[in-house]
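**Student:** Show me the folded form of this:
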Amino acid sequence: TDQETFDLAEGLGLTVYFDKMNFGDLPTRAASAYGDRTFSAMMYAKVVTVQLINMMGYDVLFQDVDMHWYKNPLEAFHEELSPLHDFDILFQDDGARSLRYAPFCANSGFYFVRHNPKTRYLFISLLLQSDQIIAHHSHQQVLSTMLTEHASLYGLKVKVLDTMDFPGGVNYHRRKYFSMFKDIREGNVTPWIFHMSWTHNKDNKLLYMKQMGQWHLNKQCENKNFQEIKESKGDITDLVPLCCSAEPLITCHYSDKPSVINCNDSPPIDKGGKPFWKD
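**Tutor:** Sure thing, here's the model as predicted:
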């Protein structure tokens, strides 16, 4: 949604497209808090990006960037013998059980859309009613309402994925799920993805991902745009050798959050937080 991100993504070898006409005026800075003006503006981009690709006749996997793949989730969605193949649209479970997200409680930060007439109509309808996102400060709330309507009236098949296979922030921040992360650490289970949702801001997301072994960006490229990296490291176009690490870059930050190494020497972040690791 901005030239800086386009340059970075292209430098990392990704196939990218920047729609300046639709996204040129969107903010480039991260939102300060959930539901603020920057957050609401970026929610518009979440509507248009999926609608355009769906309209062109393609399946779409939409995901936020605070995401780690343990396995390629497209394999789960494209497997014709899988029960998941019967659904038109599949979402990660948000974990919130409030009325505003009922009945599906779908997380709009990770979902897969099969191209067909039902999903095409859903996203055209969402685009035409995107003013509601501004009014409610939430893409997820408006999409949740439309999922219910289209499932009831038009037979849209909606699936919310098992949180053990597609875990997120609700699992990371609640102690009753901590055994899951111990199993992940020990290699006993391998979920498809992990989504660092339910987290206050970008800074905390990065710290948590670093101690979970989900961070592969070298320090010299952190929080820098493409131009800043070029100015500090010379006229380069391929950022992969400079910025990317094949092995996870693991550092401890908080003792009371799940981690792949013992972080008991770090402070807790939550009041009264107990260590994730037991000595």
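**Student:** burial count for Thr251?
**Tutor:** A count of nearby residues for Thr251, using other Cβ atoms under 10 Å, gives 15. In short, each C-beta sits where N, CA and C put it, glycine included.
**Student:** Oops, could you answer that again for Leu156 instead?
**Tutor:** Leu156 has 20 neighbours, counted by other Cβ under 10 Å.
**Student:** So it: helix, strand or coil?
**Tutor:** Under DSSP: H, G, I helix; E, B strand; the rest coil, the three-state class of Leu156 is coil.
**Student:** Return the residues in contact with it.
**Tutor:** Neighbour list for Leu156: Asp88, Ile89, Lys118, Thr119, Leu122, Leu147, His150 [criterion: Cβ atoms under 8 Å, 6 or more residues apart in numbering].
**Student:** repeat for Tyr58
**Tutor:** Counting by Cβ under 8 Å, 6+ apart, Tyr58 has contacts His115.
**Student:** Next: the one 4 residues further on.
**Tutor:** By Cβ under 8 Å, 6+ apart, the residues touching Phe62 are Lys46, Thr49, Val50, Ser108, Phe110, Tyr111, Phe112, Val113.
**Student:** These in helices, which ones?
**Tutor:** Lys46, Thr49, Val50 (DSSP state H).
**Student:** Out of those, who's the most crowded?
**Tutor:** That'd be Val50 among the ones in helices among the contacts of Phe62, by other Cβ under 10 Å, with 22 neighbours.
**Student:** May I ask you to confirm that that one is in contact with Phe123?
**Tutor:** Yes. Contact criterion Cβ atoms under 8 Å: Val50 and Phe123 qualify, at 5.9 Å.
**Student:** Now do the shared contacts for these two.
**Tutor:** By Cβ under 8 Å, 6+ apart, the residues touching both Val50 and Phe123 are Val113.
**Student:** Identify the residues contacting the spatially most central residue of the chain.
**Tutor:** Note on the chain: the residue nearest the mean C-alpha position is Asp64, at 2.8 Å, using Cα atoms, centre = their mean. Residues near Asp64 by Cβ under 8 Å, 6+ apart: Gly109, Phe110, His195, Ser197.
**Student:** Could you do Leu84 as well?
**Tutor:** Leu84 makes contact with Ala76, Phe77, Leu90, Lys159, Leu161 under the criterion Cβ under 8 Å, 6+ apart.
**Student:** which stretches of this protein form helices?
**Tutor:** 3-11, 20-23, 37-55, 73-78, 117-128, 131-136, 139-154, 169-172, 178-186, 202-211, 226-233, 240-243.
**Student:** how near is Asn218 to Phe18?
**Tutor:** Distance from Asn218 to Phe18, counting by Cβ to Cβ, to the nearest Å: 25 Å.
**Student:** ignore the last one, Cys244
**Tutor:** For Cys244, the distance to Phe18 - Cβ to Cβ - is 22 Å.
**Student:** neighbour count winner among the two?
**Tutor:** Ranked by neighbour count (other Cβ under 10 Å), Cys244 and Phe18 place Phe18 first, with 17 against 13.
**Student:** Tell me the spacing between that one and Leu206.
**Tutor:** From Phe18 to Leu206 the distance is 24 Å (Cβ to Cβ).
**Student:** go on, Asp19?
**Tutor:** Using Cβ to Cβ, Asp19 is found at 27 Å from Leu206.
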